[in-house]
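Undergrad: I'd like to go over a predicted model; first the sequence, then the structure.
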Amino acid sequence: MLTTSHAFSGFSVDDIEAAKAFYGGALGLDAKDGGMGNLQLTLPGGHEVFIYPKENHEPATFTILNFVVGDVDAAVDELNAAGVVTKIYRDPDFNTDEKGIARGRAAGYGPDIAWFRDPAGNVLSVLSS
């Protein structure tokens, strides 16, 4: 087994300042300079994420961060009020409503969830617990 004292996740963006404004401003998370042009993001619960600039960044095509919320509709309203677009999937076979929420709970296939993107195009979500 691996012996370690600490672990964290990381992902790339194409613009650290835009990421800092988004994660610290629009999402209200603790986003601070991590040294050497990087960003240290502290998530609710104290987990850390390392965000680094990458010149040839390609957005993740999968969800890199999931934020558990008590009320997905209220969270989507807050995100939309902050200028964050939550209706990012327009596939008619993928059932999301006008707010971009997949109503998994009512359909019996999972939580209610809405996806959105950071300024670098990485996919994030809010979902019910």
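TA: Now that the structure is in, tell me what you want to look at.
Undergrad: output the contacting helices and strands for the helix or strand of the chain with the lowest mean pLDDT.
TA: Least confident helix or strand, the chain: helix 104-107 with a mean of 82, by mean pLDDT, DSSP states H and E. Contacts defined by 3 or more CB pairs under 8 Å, 6 or more residues apart in numbering; DSSP states H and E place helix 104-107 against strand 112-117. Any C-beta I mention is one placed from the backbone N, CA and C, and that applies to glycine too.
Undergrad: the following helix or strand past the strand it packs on versus strand 112-117: what angle between them?
TA: The helix or strand immediately downstream of strand 112-117 is strand 123-128, counting by DSSP states H and E. Strand 123-128 and strand 112-117 are oriented at 160 degrees to each other (axes from the mean of the first three to the mean of the last three CA atoms, to 10 degrees).
Undergrad: same question for strand 123-128, mean pLDDT?
TA: Averaging pLDDT along strand 123-128 gives 95.
Undergrad: ok, residues contacting it?
TA: Here strand 123-128 makes contact (CB atoms under 8 Å, 6 or more residues apart in numbering) with 59-72, 75-76, 79, 86, 88, 105, 111-118.
Undergrad: can we see that at 10 Å?
TA: Residues from elsewhere that reach strand 123-128 (CB atoms under 10 Å, 6 or more residues apart in numbering): 22-23, 27, 59-76, 78-79, 84, 86, 88-89, 101-102, 104-105, 110-118.
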